[in-house]
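J.: Predicted model follows, preceded by the sequence.
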Amino acid sequence: MLEKAAPFDAGGVIHCFFRRSKRCRSRTGAGFYISIPGTVTYKKNDTLRTILSSVPEHRILLETDAPFLAPEPLRGKNNEPAFIVHTARKVAEIRKVSVEEISRVTTANAIRLFRLP
C-alpha cells in the first residue's frame, strides 16, 4: 500500500525497522525515514546491521522505543531516552563515523522531518 501511494511529501517514519534491504530502499524512496532501534546492538541482529549500512544518511533516525527494546548492555531493563547513546555508538561503528557525526546527522534529519525550529 505504501508504494502505491508514494511519494509522501510530508515524509514519515518507519518505526523499529528490521525488515529486508529491498523494503528499506522502497521506503526511503517513498519519502520515509528509517528509525533504528536499540536492537541494532544485539549480538544476533546482523540483518539490521547489514540493512543499516545501505540506508542513505539523510534518512536515518535513532529511536529510544521506551520502555521496550533497551540496547546492550541494558537489554532486559525498561528502556529510556538516556540509553540512546548505546544505539548511537553502534550506528556510528557500523557506518564507520564518529558518534558526534551520527548525532549531527540524525538530529538534522529529525529537525527536517518534524519541521522543528
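T.: Alright, I've got the coordinates.

J.: Counting neighbours, what do you get for Glu80?
T.: 12 (other CB atoms under 10 Å). Bear in mind the C-beta positions are built from the backbone N, C-alpha and C, glycine included.

J.: my guess is it contacts Phe68, does it?
T.: No: assessed by CB atoms under 8 Å, Glu80 is found out of contact with Phe68, at 10.7 Å.

J.: low-scoring pLDDT stretches of the chain, where are they?
T.: The chain contains residues with pLDDT under 70 at 1-10, 16-30.

J.: what are the ranges of the helices in this protein?
T.: Per DSSP state H, the chain carries helices over the ranges 2-5, 21-29, 46-54, 84-95, 99-114.

J.: possible to save those helices as CSV with mean neighbour count?
T.: Below are the helices of the chain laid out as CSV (neighbours: other CB atoms under 10 Å):
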stretch, mean neighbour count
helix 2-5, 10
helix 21-29, 16
helix 46-54, 16
helix 84-95, 19
helix 99-114, 15
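
J.: Could you export the ones you listed as a markdown table, including distance to Leu62?
T.: Listed next are the helices of the chain as a markdown table, based on distance: least, CB to CB, whole Å:
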| stretch | distance to Leu62 |
| --- | --- |
| helix 2-5 | 22 |
| helix 21-29 | 16 |
| helix 46-54 | 11 |
| helix 84-95 | 5 |
| helix 99-114 | 5 |
